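Asker: Let me see the structure of the following:
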Amino acid sequence: MSKAAELAKWGEVSTNGQVSGRRNIVYNGAMNVAQRSASVTGIGASSGYFTLDRWQLALGNTAGRLTMTQTADGPVGFANCMKLDCTTADASIAAAEYTLIVQKFEGQDLQSIGKGVAGAKEITVSFYVKANATFTFGVELEDLDNTRQITKLFDTTTGWVRHEFTFPADVDDGSSPFDDDNANSFSLNFWIHGGATYTGGTLNTASFANTTQANRAAGIDSFFSSTDNNFFITGVQLEVGSVATPFEHRSFGEELALCQRYFATGGVVLSDGTPNRYHNQINLPVEMRASPTIATAAIDSGSGGAMVATWDFESATTSRKSFYQGANNGAISSARFTFNSEL
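Answerer: Residues are numbered from 1 along each chain as shown. This is a model prediction of the structure:
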């Protein structure tokens, strides 16, 4: 089947080599948004969201450490990429070790895939990678609702290479479609390190299957094999269908708003010149996925004002939150808060 016929099959229209319509299910695939920080060192002791929005580093049991950076070193058409730099090697790999780059997805955003029923569609993943040397790593699709997965291996070189993988439809597997809700149903995982618990079996590459841990990352190399190692990735796209279309670039403002559903920051100025506590309200930029965890990122207490409490002003996911200052001070206090609603 020709590319034009394949695009027509999925209801897409090609114009001047580009494909119309919203296609990329991944957020921040061009690595443009980094609300938390542009660079964090010493990562490895635990999992977390450190720099680039929507991209979690999932780590466990490794002595290896790395620096994660938003770096202006992308291929043509990409200003930014994610760079991982190994700062502490882990030559002795215990069975339970793992390191993955992960993006998680709400089930309600995946209904077009038709997972687990007749008529389910193929999924295509494409991305650009490079490294300091040739490595073999793995890209995995993981169905969290039904505990199923599939993995493909890919190689790096010292120059940017675009990889394209089409994963077969998961049809009539006896499971259910993705849950139609705001919970974590599915993840895109890049395996860059793993012990025998995850690499000791036979790679599951042909079709989605019930998850066997040992089959998830068989055949991969270790990112933590040397402090010379680095890894770069950008242009990540996950789309419905069997064709890897050109990367869907979105404006920075649109990409930022998509990311703010999961993580946002806001500032507040509080003045309390009377014995009554002064209330202030932050209007968050978008409706968040769920009720966020609120933390103080920075605070300036002036001549003695103290921030003592926060609470939700309205219902769980609305975009307004209230705060109060608990001391009788004439000074102005200011603070910056983070709102975390990640999957």
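
Asker: what are the ranges of the strands in the stretch 51-200 of the chain?
Answerer: Shown for the stretch 51-200 of the chain, the strands assigned by DSSP state E, counting those that start in this stretch span residues 56-60, 65-71, 81-88, 98-106, 123-131, 136-143, 148-155, 161-167, 184-194.

Asker: can I get the ones you listed in JSON lines with mean pLDDT?
Answerer: JSON lines is the format used below for the strands of the stretch 51-200 of the chain (pLDDT from 0 to 100):
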{"stretch": "strand 56-60", "mean pLDDT": "98"}
{"stretch": "strand 65-71", "mean pLDDT": "98"}
{"stretch": "strand 81-88", "mean pLDDT": "98"}
{"stretch": "strand 98-106", "mean pLDDT": "98"}
{"stretch": "strand 123-131", "mean pLDDT": "98"}
{"stretch": "strand 136-143", "mean pLDDT": "98"}
{"stretch": "strand 148-155", "mean pLDDT": "97"}
{"stretch": "strand 161-167", "mean pLDDT": "98"}
{"stretch": "strand 184-194", "mean pLDDT": "98"}
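
Asker: can you list contacts of stretch 64-76?
Answerer: 30-31, 34, 38-45, 50-52, 57, 79-90, 99, 128, 160, 162, 193, 223-224, 232, 234-235 (C-beta atoms under 8 Å, 6 or more residues apart in numbering). No exception for glycine: its C-beta is placed from N, CA and C like everyone else's.

Asker: on that earlier part again, and the strands of the stretch 51-200 of the chain: which comes nearest Ser112?
Answerer: Ser112 sits nearest to strand 123-131 of all the strands of the stretch 51-200 of the chain, at 10.3 Å, using C-beta to C-beta.

Asker: okay, the strands of the stretch 51-200 of the chain in JSON lines with mean neighbour count next?
Answerer: Output for these, formatted as JSON lines (neighbours: other C-beta atoms under 10 Å):
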{"stretch": "strand 56-60", "mean neighbour count": "20"}
{"stretch": "strand 65-71", "mean neighbour count": "22"}
{"stretch": "strand 81-88", "mean neighbour count": "21"}
{"stretch": "strand 98-106", "mean neighbour count": "22"}
{"stretch": "strand 123-131", "mean neighbour count": "23"}
{"stretch": "strand 136-143", "mean neighbour count": "21"}
{"stretch": "strand 148-155", "mean neighbour count": "19"}
{"stretch": "strand 161-167", "mean neighbour count": "16"}
{"stretch": "strand 184-194", "mean neighbour count": "24"}
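
Asker: domain parsing for this protein?
Answerer: What automatic domain parsing lists as the domains of the chain is 3-258, 261-340.

Asker: which stretch in those domains has the least confidence?
Answerer: Mean pLDDT per stretch puts domain 261-340 lowest among these, at a mean of 67.

Asker: Now do the helices in this structure.
Answerer: Using DSSP state H, the helices assigned to the chain run over residues 3-9, 196-199, 252-260.

Asker: ok, what's across the strand from Val43?
Answerer: No, residue 43 isn't Val; it's Ile. When bridges are called by DSSP bridges, Ile43 pairs up with Leu66.

Asker: what's the burial count for it?
Answerer: 20 (other C-beta atoms under 10 Å).

Asker: next one: Thr41
Answerer: 12.

Asker: Begin at 58 from now on, thanks
Answerer: Shifting the count to begin at 58 puts that one at Thr98.

Asker: That one: what's it in contact with?
Answerer: Thr98 neighbours (C-beta under 8 Å, 6+ apart): Thr124, Thr144.

Asker: how near is it to Thr126?
Answerer: 9 Å (C-beta to C-beta, to the nearest Å).

Asker: picking that back up, which stretch among the strands of the stretch 108-257 of the chain approaches Val343 most closely?
Answerer: Using C-beta to C-beta, the strands of the stretch 108-257 of the chain put strand 155-163 closest to Val343, at 14.1 Å.

Asker: Give me whichever of the domains of the chain is most buried.
Answerer: domain 60-315 (a mean of 18; mean count of other C-beta atoms under 10 Å).

Asker: Okay, now stretch 94-104: how far is its last residue from its first?
Answerer: The first and final residues of stretch 94-104 sit 16 Å from each other (C-alpha to C-alpha, to the nearest Å).

Asker: for stretch 234-253, same thing?
Answerer: 31 Å.

Asker: go on, stretch 299-319?
Answerer: 29 Å.

Asker: same thing with stretch 258-272?
Answerer: So stretch 258-272: terminal residues 5 Å apart, C-alpha to C-alpha.

Asker: what's the answer for stretch 210-223, then?
Answerer: Using C-alpha to C-alpha, first and last residues of stretch 210-223 are 12 Å apart.

Asker: And for it, what's in contact with it?
Answerer: Under the criterion C-beta under 8 Å, 6+ apart, residues 131-132, 179-196, 209, 260, 262, 276-277, 288-289, 292, 299-301 lie in contact with stretch 210-223.

Asker: How about the contacts made by Lys209?
Answerer: With contact taken as C-beta under 8 Å, 6+ apart, Lys209 is in contact with Gly195, Val196, Glu197, Phe222, Phe224, Thr262.

Asker: again with Ile207
Answerer: By C-beta under 8 Å, 6+ apart, the contact list for Ile207 reads Glu197, Leu198, Phe224, Pro225, Asn261, Thr262, Ala263, Ser264, Phe265, Ala266.
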